[in-house]
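Q: Give me coordinates for this.
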Amino acid sequence: MTDLSLPNLPGGLPDKRQVAASFSRAAASYDSVAELQRDVGSELLRRLPEDFVPARWLDMGCGTGYFSRALGDRFPTSNGLALDIAEGMLNHARPLGGAIHFIAGDAERLPLQDSTCDLVFSSLAVQWCADFASVLNEAHRVLKPGGIFAFASLCVGTLYELRDSWRQVDGMVHVNRFREFGVYQQLCAESGLKVVSLETRPHVLHYPDVRSLTHELKALGAHNLNPGRPGGLTGRARILGLIEAYEQFRQAQGLPATYQVVYAVLEKPL
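A: Sure, this is the predicted structure:
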């Protein structure tokens, strides 16, 4: 059983090549275990203004293209672009359609011209970006005046049950340290984009056992890529220690895994 969780951001950053490779390998299995991703992206879609119809949208960090297809269904007359850093995800998404163009690219350096999009939509992708100020700058740059940047991300408190359980076992880095919600608030306020809405909500999933959780994280490509992470396989004694510690969190529905989800809708001023 390998140590699995999410890559670290502030204070020791994951190599983007590792992130891209990890998600590329997970492309075939991703949708089968992506309950959280579907729920969060659907909630983000609901937060778009009802009368808003973009001429061109960008699904930034499109993954398998699930929400590229949802955006295509919602805006059938629009020109859709799907972008991801993981080639394997793009190869999976491209034949399924939804967007007109599928682009390999980085959210911190978008390969798009200025003022070319009416909507930048990004669900559970920007937490992998080390420089979120650059993400905001790039969204501001490519949006037309009046355009919208809608994103969902993760903040501190995500997978705290797994993190706290590992802390009782050893001092190694097993679970990523996400940004504080206050950092999202500050960077969004300083971005030049109008903050229409910005909040965090917990999303709790339940699992019958620890292995089910770590298996899902692996199938999602959300490996532990932290600097200082343990190398190789985890010893049996440490795994048993993790299981014992995590059992303290058990609820009637099973073992909880809490995700602190940030929802934001930002608008580029006219």
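
Q: leaving aside the residues next to it on the chain, what's closest to Ser68?
A: Nearest residue to Ser68 in three dimensions, chain neighbours excluded: Gly98, at 3.7 Å (CB to CB, 6 or more residues apart in numbering). Quick note: C-beta positions are derived from backbone N, CA and C, even for glycine.

Q: Tell me, how many residues neighbour the one you found?
A: Neighbourhood size, Gly98 [other CB atoms under 10 Å]: 20.

Q: show me the contacts for it.
A: By CB atoms under 8 Å, 6 or more residues apart in numbering, Gly98 lies in contact with Asp59, Gly65, Ser68, Arg69, Ala70, Leu71, Gly72, Asp73, Gly80, Ala82.

Q: hmm, which two among those residues are most spread apart?
A: Asp73 and Ala82 (13.8 Å; CB to CB).

Q: Settle it for me: which of those two has more neighbours?
A: Ala82 (29 against 9).

Q: mind listing what the more buried one touches?
A: The contact partners of Ala82, by CB under 8 Å, 6+ apart, come to Leu58, Asp59, Cys62, Gly65, Ser68, Leu90, Ala93, Gly98, Ala99, His101, Phe102, Ile103.

Q: Among those residues, the buried ones, what's the ChimeraX command?
A: Provided next is the ChimeraX selection string for whichever of the contacts of Ala82 are buried by 16 or more other CB atoms under 10 Å:
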select :58,59,62,65,68,90,93,98,99,102,103
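
Q: got CSV for the contacts of Ala82, with pLDDT, secondary structure and distance to His174 too?
A: CSV is the format used below for the contacts of Ala82 (pLDDT from 0 to 100; DSSP: H, G, I helix; E, B strand; the rest coil; distance: CB to CB, whole Å):
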residue, pLDDT, secondary structure, distance to His174
Leu58, 98, strand, 34
Asp59, 98, strand, 31
Cys62, 94, coil, 28
Gly65, 94, coil, 30
Ser68, 97, helix, 32
Leu90, 93, helix, 30
Ala93, 92, helix, 30
Gly98, 95, coil, 35
Ala99, 97, coil, 36
His101, 97, strand, 38
Phe102, 97, strand, 34
Ile103, 97, strand, 33
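
Q: want to throw the contacts of Ala82 into CSV with distance to Ala133?
A: As requested, these are exported to CSV (distance: CB to CB, whole Å):
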residue, distance to Ala133
Leu58, 19
Asp59, 21
Cys62, 22
Gly65, 27
Ser68, 26
Leu90, 26
Ala93, 28
Gly98, 29
Ala99, 27
His101, 27
Phe102, 27
Ile103, 22
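
Q: Make sure Ser122 is indeed in a helix.
A: No: under the criterion used here (DSSP: H, G, I helix; E, B strand; the rest coil), Ser122 is strand, not part of a helix.

Q: quick one: it and Gly63 touch, right?
A: No: under the criterion of CB atoms under 8 Å, Ser122 makes no contact with Gly63, lying 10.4 Å away.

Q: Spatially, what comes nearest to Ile103 if we skip its sequence neighbours?
A: With sequence-adjacent residues excluded and distances taken as CB to CB, 6+ apart, Ile103 is closest to Leu83, at 4.5 Å.

Q: Look up how far Gly254 lies from Leu205.
A: Distance of Leu205 to Gly254, given as CB to CB, to the nearest Å: 9 Å.

Q: tally of neighbours for Gln185?
A: 16.

Q: so what does whatever helix or strand Ser153 lives in touch, helix or strand wise?
A: According to DSSP states H and E, Ser153 maps onto strand 143-154. Counting contacts by 3 or more CB pairs under 8 Å, 6 or more residues apart in numbering; DSSP states H and E, strand 143-154 packs against helix 35-46, strand 117-123, helix 132-142, strand 255-267.
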